[in-house]
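Visitor: Okay, sequence plus prediction incoming.
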Amino acid sequence: MNVLIVDDEAGLRRGILKRLSIENYSMFEAPDTMTALEIIQNEKINIILLDLRLGEEDGYQFLKLLKANEPDIRVIVITGYGTIKSSVACIKEGASNYLTKPIDMDILISTISSEVEKIHLFEENISLRQSINDLAGTSKLLKYVKSLPTHIDTVINKVKNSNVSILISGETGTGKEVTAKKIHFSGDYSQKPFIGLNCSVFNDNLIETELFGHEKGAFTGANTR
């Protein structure tokens with residue numbers, strides 16, 4: 001997780017940076033809003049620790065700007081001038097939490113850990129929604145596949161009384177023989193026998209014989225016509 005500290009107090013920034021680095025967070029620091037914006041533009045920041053008073057700058061206004069443009073970034077407000085009124089205002093503007101100085105490092109780490117969990121939950125939620133959308137797409141595909149037999153029946157009705165040869169192609173198990181039988185038994189030849197033949201079991205020399213017959217003596221063992 002990438003954490004950005006925006007505070008004009010260099011000592012506080014260094015202290016937080018050092019402590020959170022031990023917790024394996026990737027740390028960034030900014031003494032003012034301009035530097036913070038540059039970092040945000042160049043890095044994927046997940047959490048911001050924001051001081052409300054940044055010298056002559058107003059951290060509260062920066063919070064509003066952040067949430068308007070980067071709503072997914074979690075913002076934890078830190079201030080030495082905490083009041084109930086300001087905390088409520090910050091939460092209303094989208095701050096995730098509000099801590100007062102001096103900063104208790106254990107509380108800060110616990111607060112950041114909580115925000116990290118929320119980020120993970122948010123990402124899982126997005127992933128779940130995507131999975132649901134994918135399933136919806138699969139459902140549409142299944143509906144299309146289920147509609148194919150109706151389409152095939154339409155084709156069968158067009159060709160069942162035809163006198164031309166019909167080639168049915170497809171992979172193993174796709175229903176070629178079933179389709180052939182439907183054409184045969186629903187057409188003009190339904191009173192005649194249907195003979196299914198697996199040509200793959202015959203070699204090149206015998207397949208013609210099996211299909212069209214042979215004359216007596218055509219090959220060894222051909223004792224009758």
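Guide: Yes, it's here.
Visitor: Could you tell me which ranges of the protein sit under the pLDDT cut-off?
Guide: Filtered on pLDDT under 70, the chain yields the residue ranges 131-150, 200-207, 210-211, 214-225.
Visitor: let's go with 80 and repeat that
Guide: Along the chain, segments meeting pLDDT under 80 span 82, 125-153, 172-175, 189-190, 194-225.
Visitor: Centre-most residue in it?
Guide: The centroid of the chain falls nearest to Q130 when counting by Cα atoms, centre = their mean (4.4 Å).
Visitor: and it, what helix or strand is that in?
Guide: Per DSSP states H and E: Q130 is located in helix 105-159.
Visitor: And the next helix or strand past that helix?
Guide: Sequence-wise, the next helix or strand downstream of helix 105-159 (DSSP H and E) is helix 176-185.
Visitor: So which bits of that next one are buried?
Guide: Buried residues in helix 176-185, counting neighbours by 16 or more other Cβ atoms under 10 Å, are found at T179, K182, I183, H184. Any C-beta I mention is one placed from the backbone N, CA and C, and that applies to glycine too.
Visitor: do stretch 83-95 as well
Guide: S86, S87, A89, C90, E93, G94, A95.
Visitor: Confirm that the last one sits in a strand.
Guide: Right, A95. No - going by DSSP: H, G, I helix; E, B strand; the rest coil, the assignment for A95 is coil, not a strand.
Visitor: Tell me how the chain divides into domains.
Guide: 2-119, 160-192, 195-225 (automatic domain parsing).
Visitor: Switch those over to CSV; also include distance to N125.
Guide: Below are the domains of the chain laid out as CSV (distance: least, Cβ to Cβ, whole Å):
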stretch, distance to N125
domain 2-119, 10
domain 160-192, 40
domain 195-225, 53
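Visitor: among those domains, which is nearest D153?
Guide: Among those, domain 160-192 comes nearest to D153, with 7.9 Å by Cβ to Cβ.
Visitor: and that closest one, how far out from the chain's middle?
Guide: 42 Å (Cα atoms, centre = their mean, to the nearest Å).
Visitor: before we move on, what about stretch 7-24?
Guide: 36 Å.
Visitor: Give me the contacts around that stretch.
Guide: 3, 5, 27, 29, 31-32, 49-51, 53-55, 78, 101, 103, 105, 108-109, 112 (Cβ atoms under 8 Å, 6 or more residues apart in numbering).
Visitor: The residues you listed in strands, which ones?
Guide: Among these, the ones falling in strands (DSSP state E) are V3, I5, M27, E29, L49, L50, D51, R53, L54, I78.
Visitor: before we move on, the earlier item: name the stretch among the domains of the chain that sits most buried.
Guide: Each of the domains of the chain was scored by mean neighbour count; the highest is domain 2-119, a mean of 16, by mean count of other Cβ atoms under 10 Å.
Visitor: which two from the buried residues of stretch 83-95 end up farthest apart in space?
Guide: Using Cβ to Cβ, the buried residues of stretch 83-95 span at most 14.2 Å, a distance reached by S86 and G94.
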